[in-house]
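Asker: coords please:
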Amino acid sequence: MTPELTALVFATLLQVVQFTIYSVLANRQVGKETALGPRDEPIHLKGYAGRAQRAMNNHFEGLTLFTIAAIVVSYADKGTGLTAACGWIYVAARALYVPAYIFALAPWRSLIWFVGFGATLLMLLSTLI
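Answerer: Got it, this is the predicted structure:
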């Protein structure tokens, strides 16, 4: 497996961790009955639970682009040391993004997001060279 695809596996596992964090925090906030209910009305989470939900949703968006980048690099056989490093930078940035978002660490959250996005963009652009 290429380093970029290995990074993709770890990024996906991070999404599972984020979902778990979100679920625990949300269930604590709304209670078991609401969590298990039909959710006919939207649930608006606040504080840590709301930020965990937004961080998780943001990673779903970023993971889509990163998945494309990892697959294109791997299947086009364009992997280099740079693209491998970008893959791991993305994973590290996303791992740092979670606590930065949950604990409202401004402006670090946005800077960390930009590092991960930049790594993904660099991977994609490198395939065109």
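
Asker: for this protein, which helix or strand comes out least confident on mean pLDDT?
Answerer: helix 32-36 (a mean of 79; mean pLDDT, DSSP states H and E).

Asker: and it, what's buried?
Answerer: Buried residues in helix 32-36, defined by neighbour count with 16 or more other C-beta atoms under 10 Å: none. Using the backbone N, CA and C atoms, a C-beta is placed for each residue, glycine as well.

Asker: residues contacting Lys46?
Answerer: Residues near Lys46 by C-beta atoms under 8 Å, 6 or more residues apart in numbering: Gln29.

Asker: roughly how far apart are it and Gln29?
Answerer: 7 Å (C-beta to C-beta, to the nearest Å).

Asker: before we move on, back to that, could you list the residues in contact with the least confident helix or strand of the chain?
Answerer: Surrounding helix 32-36, the residues in contact under the criterion C-beta under 8 Å, 6+ apart are Ala26, Asn27, Ile43.

Asker: so for the most centrally placed residue in the chain, what's the pLDDT?
Answerer: Most central in the chain under C-alpha atoms, centre = their mean is His59, positioned 2.8 Å from the mean C-alpha point. pLDDT for His59: 97.

Asker: so what's it up against?
Answerer: Going by C-beta under 8 Å, 6+ apart, the list of residues near His59 reads Leu14, Gln15, Gln18, Arg94, Tyr97, Val98.

Asker: separation between the fourth one and Ile129?
Answerer: Right, Arg94. Distance, Arg94 to Ile129, using C-beta to C-beta: 25 Å.

Asker: between those two, which one's more packed in?
Answerer: A count of neighbours by other C-beta atoms under 10 Å puts Arg94 above the other of Arg94 and Ile129, at 25 against 6.
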